[in-house]
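Participant: 3D model of this:
(chains A and B)
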Amino acid sequence: MSAPASSGSKFPRNMRGVLGGWARVSHANFERWLYLMHRLTGLVVGLYLIAHLAETSDIVPAYLSGDEGIWNNLMQSLYTPEAHAGLLIIAAFAVYHGLNGVRLFLAASGVGVGRPIRPEWPYAPVSLRSFQRSLGWLFIAVTLILTAYAFYELFVVTHFV
Amino acid sequence: MVRESTLMWIQYITGLGILVLGALHFASLTLLAPGGYPGALEYATVISRYTDPLWAAALEAFLALLSYHVFNGFRVLLLELNQGSGWTKAVNVTMALAAIAAFLYGTRTILVFHLGGAI
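Facilitator: Modelled structure (predicted):
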């Protein structure tokens, strides 16, 4: 069976890697949800980095011209509940991505995935009954705690006091 | 050509570095800032961070690690969108150039305080 080839490529175009792959969660287990969230959070925080580099570069004209207003006006325009809600999402996503990254690094290093055993009924993979799964829940809990702290700094201190 | 496994190994190592420097970055905006988060964004505080060699070095290292990690991450996502050597090469080159551009642009912001406004 042949699939239509994409222009300029000697391989057939195959979108199943995305739509039927990492973004498909109809049969997802816990680790699979962590994986999907890892990709989404990485994408969002990565795009934010570009905006953040542009935003912080405003300090340069302020410093060179000695006009603090350039920086202060920008900060004032971003000192809103809407912008802080965006930063709260970035903080939560960054913490999640970092901690889940540690879990992935440990998994890739063979930490917490259990020892191989003879496949016997009920055939549940040892890796899904080991320390790795607890680590996933632990890191979600830590993410929620640190997100609550970010909420305190971004909303309680700035808008509610 | 660098092996994919080597690129992924660097992805893990940069990720661990980002975890440490990212924690420091968040702390510098909250716990370590005079006056907490509102005070962290004040002009004088921001200037004092950029002009301090240690803070500037930490920011520069953070930027270098992020430039690799973010754009290699984008590269992995983009490579899955299509197959073919042309696509692979285009994505690899574009993401490498984007990483270098982001690094240089961010470096300009940090270095301007140490070169007397030369850039």
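Participant: for residue B:18, what are its contacts?
Facilitator: When contacts are counted by Cβ atoms under 8 Å, 6 or more residues apart in numbering or on different chains, residue B:18 touches A:98, B:62, B:65, B:66, B:69. Yep, even glycine has a C-beta here, placed from its N, CA and C like the rest.
Participant: In TSV: those, plus distance to residue A:59.
Facilitator: Supplementary listing: these in TSV, determined by distance: Cβ to Cβ, whole Å:
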residue	distance to residue A:59
A:98	26
B:62	16
B:65	21
B:66	18
B:69	24
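Participant: Which ones among the residues you listed map onto helices?
Facilitator: Helix and strand membership here follows DSSP state H; of the contacts of residue B:18, those in helices are A:98, B:62, B:65, B:66, B:69.
Participant: From the residues you listed, list the buried ones, please.
Facilitator: Buried positions within the ones in helices among the contacts of residue B:18, assessed by neighbour count (16 or more other Cβ atoms under 10 Å in any protein chain shown), are A:98, B:62, B:65, B:66, B:69.
Participant: my guess is the third one meets residue B:19, correct?
Facilitator: No - proximity of residue B:65 to residue B:19 does not meet the contact threshold set by Cβ atoms under 8 Å, at 9.7 Å.
Participant: how far away is the residue most central in space within chain A from chain B?
Facilitator: Among the residues of chain A, residue A:41 comes closest to the average C-alpha position under Cα atoms, centre = their mean, at 2.3 Å. Distance of residue A:41 to chain B, computed by Cβ to the nearest Cβ, to the nearest Å: 10 Å.
Participant: That residue in helix, strand or coil?
Facilitator: Applying DSSP: H, G, I helix; E, B strand; the rest coil to residue A:41 yields a three-state assignment of helix.
Participant: Dihedrals phi and psi, the residue of chain B found nearest chain A?
Facilitator: Scanning chain B for the residue nearest chain A gives residue B:84, at 3.0 Å (criterion: Cβ to the nearest Cβ). Backbone dihedrals for residue B:84, given as degrees, to the nearest 10, come out at phi 130, psi 150.
Participant: Tell me if I'm right that residue A:128 and residue A:34 touch.
Facilitator: No - Residue A:128 is not in contact with residue A:34 according to Cβ under 8 Å; the separation is 12.0 Å.
Participant: okay, the two: which has more neighbours?
Facilitator: It is residue A:34, of residue A:128 and residue A:34, that has more neighbours when counted by other Cβ atoms under 10 Å in any protein chain shown, with 21 against 13.
Participant: Summarise which helices and strands the helix or strand the more buried one falls within is packed against.
Facilitator: Counting by DSSP states H and E, the secondary-structure element that holds residue A:34 is helix A:30-56. Other helices and strands packing on helix A:30-56, by 3 or more Cβ pairs under 8 Å, 6 or more residues apart in numbering or on different chains; DSSP states H and E, are helix A:81-108, helix A:131-151, helix B:53-79, helix B:85-111.
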